[in-house]
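> Need a 3D model of the sequence below.
(2 chains)
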Amino acid sequence: MQKNLLIKTGLIIAILLVFLYGIFGFPSSLSGDGLKQAVLNRIHLGLDLKGGLHMVLQVMVNEAVSADTDHVVEALKEEFAKAGIKYADISKPDPQNHPEQIKIQGLEPNGASTLSNIVSDRFRDYDLSGGTQGSYTLTMKPTVVAALKTRTVEQSIEALRQRVDTLGVSEPVIQENGLGNYQILIQLPGVDDPTRVKTILQSTARLELRESRGSAFTSEQAARQSFPNGILPPNMEILPGKERGQTDTVYYVVNRIPVVSGTDIRDARASNKPDTNEPIVDFNLTSAAGRKFAVFTGAHVKDGPDPANLAIVLDGKVISAPSINGQISDSGMIEGGFNEQSAKDLAMLLRSGALPASLRYLSEDVVGPSLGADSIKAGVQAAVAGLLAVLIFMFIYYRGAGVNANVALILNLIILLGFMGYSSAVLTLPGIAGVILTVGMGVDSNVLIFERIREELRNGKAPAAAVDQGFDRAWTTILDTHVTTIVSAIILFFVGSGPVRGFAVTLTFGLLANLFTAVFVSRVIFDTVLSRKKRGEALSI
Amino acid sequence: MEFFRNTNIDFLGKKWYFLGFSLIFSVAGILSMLFWHHIPLGVEFRGGTVVNVKFAHTPDNNHIRNALDKAGLHNAKIQSIGAPGSNEVVITLDQKDTSETDLDAGKRKIIAALETNPQSGKQDLNNNEAVGRAAVREALLARDPLHSATADYDRITEQIVAFRDRNAGGVLTSIDQLKGTVPDAVVESLKQDFYTGDFAVRGGSIVGPQVGDQLKHQANLAIGFSLLGMLAYLWFRFELIYGVAAVVAVFHDTLITIGAFSLTNQEITLTVIAAILTLVGYSMNDTIVVFDRIRENVKLLRRESLAEIVNRSINQTLSRTILTSGLTFLTVLSLFLFGGEVLRGFSFALVIGILIGTYSSIAVAAPMLVAYQEWRASRSGRGTVPVPTPAGSGKGGKVRAKA
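The predicted model follows:
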């Protein structure tokens, strides 16, 4: 019995230490401020407590579908022109609601086979139907539409993440919003100037390909000096940039007018050069931009009469300025000193720079730092006041046993907060509600047990037997109440999002901890007290 | 210390009073929801714009109203919140004032309308929507009043922003307030670039119609599914009728709580939904404690009628019920009293919910069991007591007949 109790006590102390570490880590100092800082380092506060910016954006995915069908319409017209086939009209009947549909009307009879050849050759993502009186419908396959829309959202998220990263916000959340279709949720905790942030996110960070002359210069001065008398030609300007892998800013002389801008890029991906296996970035342009680009690159190839570099400019900064190895039309590759990662980065930048679709604000929630601070102060004050009232009452009402309940309750809170520290779970205002319900149910478990023990004592049981019976009988009830609530909390976790989830998480873990503290810990304390008592001595309850 | 010992109150005998009480409050709530205040939804569900503003001096709501009228915002709702002297005002715009394509137009209009003393060429240090650490730091670095290292200005910037947001509650009455916190040279330098406007925007939400509808849908789903989950578990552990009775009791609590919000015309926000979920868990907990005792007594006292057993079970658990409710009520009350404005709706829901939740487990759930049993008896002609299967504990052998 004694040895058994020692093991149990040791286990409780070990758990206490583990979760205390979860709350505080190793605090830098034991002063009030040091401890407070240590807690804030471990436990993540939600936006409602910390202050920050919360936004939901709608990605206008139909625009991406529309861009693809536009490209097909243009390509079809081109192909028909090349083959000398006549048609009345190629257009999209309902571009607003059905951007995936293309209607071809009045196609001359001998064009039918050409059309089906073009579709099976170049546009395998489309279904061709119709044919009566030269009227056809070309529809993007539903699976392709769905995939394109999903990719559009992913690309938008990547683009936004790029922009947020430049802001230096710690722990940003940028993800698909679970609630609606093709929505993005952005949470930027601790942002203290939301207007500026919104401007940055809203600004269409467009990507441009521009003509660049000369190499990278170490200063603006040096860039200027590379021209006669230090005077730039009127159509050129100097833009800052970074050479890959370098930290110092370098300067490039580039043309003011881009050859290709972000909207002209259809797609980009990292791949490897077939012969050397060197990482490169492949990109595709829309057909109109492709023609323009072909003329430009043809005129400025590396070994040609008028060589120039191709500066890749994002937000007015030069990302890289490779030389042009050959003429490029609607697709091409960028090579030059990439490793796998930097090629991926650049491909991603190219894709994200060309935001695939515009974004529309659906909601915005700003919690100013002063408001968040007020909420924390009020919440903590109220929770501490409530907890103190409960602790004092339990002690007065149950005396010795009240101490049990209080120890169990405090340990319960330590485990709950320690868990918050270990996990990436976020403490929100509704999360504090979960903590309050946990405290309520923790007290309840003890009251259930104690009332049962009192009942048994009234019926003439000896203290040890009464404690035994009391815990036994109350256990069924405690289990039922806890499982019921945990079941509903788990459902809430899966159905709900955001604040509701915060509630579900704290509640679930609080109740699990309570099963341990109210039943196991409280029992161990009782047993320890009982083992020191003489036979027949009364129990303080 | 003990408050209750061997009480023997005939709760079931008072079932008509209970029914009357529940009906009065439910019907009053439903009538208010249908014909009076309806269900006053918070802006996150309804859609619209809310801006929380704190003024440097006590604001005159009529002036605010005039300024907003001039800006064309005639339907704006202006509400003073917080303790007197906190100078906080919440301005709410309806959804029709916010267009989907230009969501924050309403907010910009409000801020522009309230701006009374703009100084050209300077930034409003109280405008924390736009002026944060970055702006203060840049201004200080440009002036370099202390001829000091960048790290020093980083630290001073933190001090300035912290003073504004923590000590001054977000709004400074003058830049001179910073004297003593940062060197005087810094204060003088700040005056060159900044002025203190009349107010600070402490927070706010703008919700488009789409998101509001989604959240509403989600909140309904969450409450509905969690009730179903509880019903299923109680069905498994007890009997279907026990689950149904418990869920009806919880539904009764939710209805009356929402009714109370409607009657007092308080907004139901996302945090209030969290409070309602809390009370669902709490009320369910209370009901199960009584049911557990009924289950135990049904096994022990086979000769007594269900009505007697239910009555005895309620009396046996009464001490615990009152204690737990009282203690939880104490916590929630402290939240209501000290929790501040943000938690007001939240703690209001819990204050109502705990009172009603305790009441319903005694006055709604338990009588329902008896009523069901009587109905079945009258239908089949024999008195069948739904005896729950003693699942779980498996300790049936230890139970002892009671005196």
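> B:Leu263: neighbour count?
Using other C-beta atoms under 10 Å in any protein chain shown, B:Leu263 has 17 neighbouring residues. The C-beta positions use only the backbone N, C-alpha and C, and glycine is treated the same way.
> Then A:Met394?
Neighbour count of A:Met394, defined by other C-beta under 10 Å: 24.
> What of B:Tyr195?
Residues near B:Tyr195, counting by other C-beta under 10 Å, number 18.
> Hmm, B:Gln119 and it touching each other?
Yes. Under the criterion of C-beta atoms under 8 Å, B:Tyr195 lies in contact with B:Gln119, with a separation of 4.6 Å.
> quick one: pLDDT of residue 266?
Since no chain was named, I'll use chain A. Here, the pLDDT recorded for A:Arg266 equals 77.
> that's the wrong chain, I meant chain B
In this model, B:Gln266 carries a pLDDT of 90.
> Domain map for chain A?
A:2-51+A:369-532, A:66-144, A:207-325 (automatic domain parsing).
> so where's the stretch 301-450 of chain A uncertain?
The stretch 301-450 of chain A contains residues with pLDDT under 70 at A:314-315, A:335-342, A:344-346, A:348-356.
> what about the helices in it?
A:340-353, A:369-398, A:400-422, A:429-458 (DSSP state H, counting those that start in this stretch).
> Pick out the residue of the stretch 1-150 of chain A closest to chain B.
Residue nearest to chain B within the stretch 1-150 of chain A: A:Val56 (5.4 Å; C-beta to the nearest C-beta).
> bridging residues for that residue?
A:Leu185, A:Ser363 (DSSP bridges).
> That one and B:Gly212, how far apart?
Computed as C-beta to C-beta, to the nearest Å, the A:Val56 to B:Gly212 distance reads 11 Å.
> One more: B:Ala112?
Between B:Ala112 and B:Gly212 the distance, using C-beta to C-beta, works out to 25 Å.
> Neighbour count: the two, which is higher?
With other C-beta under 10 Å as the criterion, B:Ala112 and B:Gly212 differ in neighbour count, and B:Gly212 comes out ahead with 21 against 11.
> Now do whichever helix or strand the more buried one is part of: distance to the chain's middle.
Under the criterion DSSP states H and E, the helix or strand holding B:Gly212 is helix B:209-237. Relative to the chain's own centre, helix B:209-237 is displaced by 17 Å; criterion: C-alpha atoms, centre = their mean, to the nearest Å.
> Show me what counts as buried in that helix.
Taking 16 or more other C-beta atoms under 10 Å in any protein chain shown as the neighbour-count basis, helix B:209-237 is seen to contain the buried residues B:209-216, B:218-219, B:222-223, B:225-227, B:229-231, B:233-234, B:237.
> Kindly list the longest helix within chain B.
helix B:306-338 (DSSP state H).
> Show the average pLDDT along it.
The predicted model assigns helix B:306-338 a mean pLDDT of 87.
> next one: stretch A:236-251
Average pLDDT, stretch A:236-251: 78.
> now could you export just the CA positions of that stretch as PDB?
Extracted C-alpha coordinates of stretch A:236-251, given in PDB (Å, rounded to 0.1, in the frame of the first residue of the first chain):
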ATOM      1  CA  MET A 236      16.000  53.200 -69.600                       C
ATOM      2  CA  GLU A 237      15.900  53.200 -65.800                       C
ATOM      3  CA  ILE A 238      17.900  51.800 -62.900                       C
ATOM      4  CA  LEU A 239      16.300  49.200 -60.700                       C
ATOM      5  CA  PRO A 240      17.700  47.500 -57.600                       C
ATOM      6  CA  GLY A 241      17.900  43.800 -57.300                       C
ATOM      7  CA  LYS A 242      19.800  41.000 -55.800                       C
ATOM      8  CA  GLU A 243      22.000  38.400 -57.500                       C
ATOM      9  CA  ARG A 244      21.100  34.900 -56.500                       C
ATOM     10  CA  GLY A 245      22.800  33.800 -53.400                       C
ATOM     11  CA  GLN A 246      24.200  37.300 -52.600                       C
ATOM     12  CA  THR A 247      23.000  39.600 -49.900                       C
ATOM     13  CA  ASP A 248      24.200  42.900 -51.300                       C
ATOM     14  CA  THR A 249      21.900  45.000 -53.400                       C
ATOM     15  CA  VAL A 250      23.000  45.400 -57.000                       C
ATOM     16  CA  TYR A 251      21.700  47.600 -59.700                       C
END
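> got the buried residues for it?
Going by neighbour count (16+ other C-beta under 10 Å), the buried part of stretch A:236-251 is A:236, A:238-239, A:241, A:243, A:250-251.
> can you check stretch B:157-177 too?
Within stretch B:157-177, the residues scored as buried using 16+ other C-beta under 10 Å are B:157, B:160-161, B:163-165, B:168-172, B:175.
> and what of stretch A:187-199?
Taking 16+ other C-beta under 10 Å as the basis for neighbour counts, the residues of stretch A:187-199 that come out buried are A:187-198.
> now swap in stretch A:264-271 and tell me
If you call a residue buried by 16+ other C-beta under 10 Å, then stretch A:264-271 has these buried ones: A:264-268, A:270.
> from the residues you listed, which is closest to B:Ala363?
Within the set of these, A:Asp267 lies nearest B:Ala363; the separation is 66.3 Å, counting by C-beta to C-beta.
> What does the closest residue to that closest one other than its chain neighbours show for phi and psi?
Leaving out its chain neighbours, the residue that sits closest to A:Asp267 by C-beta to C-beta, 6 or more residues apart in numbering or on different chains is A:Asn284, at 4.7 Å. The phi/psi pair for A:Asn284 (degrees, to the nearest 10) reads phi -120, psi 140.
> I'd guessed A:Asn284 sits against A:Asp264; true?
No. Counting by C-beta under 8 Å, no contact exists between A:Asn284 and A:Asp264, whose distance comes to 9.8 Å.
> Mind listing what's buried along the helix or strand hosting B:His252?
B:His252 is part of helix B:240-263 when elements are defined by DSSP H and E. Buried positions in helix B:240-263, judged by neighbour count with 16+ other C-beta under 10 Å: B:241-263.
> do stretch B:63-80 as well
Neighbour counts using 16+ other C-beta under 10 Å place B:64, B:67-68, B:71, B:73, B:76 of stretch B:63-80 among the buried residues.
> Now that stretch: average pLDDT?
Averaged over stretch B:63-80, pLDDT sits at 86.
> which residues sit against it?
Residues lying outside stretch B:63-80 but in contact with it, judged by C-beta atoms under 8 Å, 6 or more residues apart in numbering or on different chains, are B:59, B:61, B:88-94, B:96-97, B:106, B:109-110, B:112-114, B:116.
> what's the first-to-last distance across stretch A:302-322?
Between the start and the finish of stretch A:302-322 there is a gap of 10 Å, counting by C-alpha to C-alpha, to the nearest Å.
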